[in-house]
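Enquirer: Everything below, folded, please.
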Amino acid sequence: MQKYPKILKEYDVVVQAPFGSVGISSHGMQVDIVFLNESTVIKPEPSKIALQIATQIESYLNNPNASFNLPLVFKGTPFQRRVWGMISAIPSGQTRTYGELAQLLGSGPRAVASACGANHLPLVVPCHRVVAKTSLGGFMRGMDDGLKIKKWLLKHEGAINGQGILKPPASAA
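Expert: Numbering: from 1, shown residues only. Modelled structure (predicted):
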């Protein structure tokens, strides 16, 4: 059996974070942000939008109340974009459950969870702020270190206390 070499994705910028690193790749105004746990290749000349995103991610990592203000194209279905819009409105330090968002959308919690998993702009669209009714729920579609990253982000924002206990989700007003 022939083995093929692993293809490394090329990123405009890689931002170091306390939980690993964040890769930013762009094609025009379409951007992907991913949590990395492998080797990467960095483009010799990053795009201006990728540099702008990297600066805002670094600001967020230093201050959980920093906001994102980016002219991005959200690629997804109309339902996914509605979910992402609702997630983007959740303030730092607060959470909502999949069920709460589903009720507001007239949908089901699994559909909301699926839209969270399809989010290509984590941190900018803070899907880590969406939790299950009785637990953290999932993150990064079950990829390695996903829940570790989600816990770090929620603790960084103050949604998890010093004992590692998730504060109750704020009611979706």
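Enquirer: Surely Ser59 forms part of a helix?
Expert: Yes. Judged by DSSP: H, G, I helix; E, B strand; the rest coil, Ser59 forms part of a helix.
Enquirer: Under a three-state scheme, what state does the spatially closest residue to it that is not a sequence neighbour occupy?
Expert: Of all residues not flanking Ser59 in the chain, Ala66 sits nearest, at 4.1 Å (C-beta to C-beta, 6 or more residues apart in numbering). No exception for glycine: its C-beta is placed from N, CA and C like everyone else's. Here Ala66 takes the coil state, with states given by three-state DSSP.
Enquirer: okay, now the domains of the protein?
Expert: In the domain annotation for the chain, the residue ranges read 10-62, 78-157 (automatic domain parsing).
Enquirer: got these as CSV, with distance to Leu72 and mean neighbour count columns?
Expert: CSV is the format used below for the domains of the chain (distance: least, C-beta to C-beta, whole Å; neighbours: other C-beta atoms under 10 Å):
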stretch, distance to Leu72, mean neighbour count
domain 10-62, 5, 17
domain 78-157, 7, 18
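Enquirer: of these, which approaches Pro169 most closely?
Expert: domain 78-157 (4.4 Å; C-beta to C-beta).
Enquirer: Return the distance of the closest one from the chain's centre.
Expert: 8 Å (C-alpha atoms, centre = their mean, to the nearest Å).
Enquirer: what mean pLDDT does it have?
Expert: Averaged over domain 78-157, pLDDT sits at 91.
Enquirer: For the residue positioned nearest the centre of the chain, list each beta-bridge partner.
Expert: Per C-alpha atoms, centre = their mean, the C-alpha nearest to the average position across the chain is that of Pro122, at 2.0 Å. When bridges are called by DSSP bridges, Pro122 pairs up with Val125.
Enquirer: And the contacts of whichever strand or helix holds Val112?
Expert: Assigned by DSSP states H and E, Val112 falls within helix 109-117. Helix 109-117 is contacted from outside by 76, 79-80, 83-84, 87, 97-99, 101-102, 105, 127, 130, 137-138, 140-141, using C-beta atoms under 8 Å, 6 or more residues apart in numbering.
Enquirer: Show the secondary-structure elements that the helix or strand following that helix is packed against.
Expert: Toward the C-terminus, helix 109-117 is succeeded by strand 130-131 as the next helix or strand (DSSP H and E). Applying 3 or more C-beta pairs under 8 Å, 6 or more residues apart in numbering; DSSP states H and E, one finds that strand 130-131 contacts strand 96-97, helix 98-105, helix 109-117.
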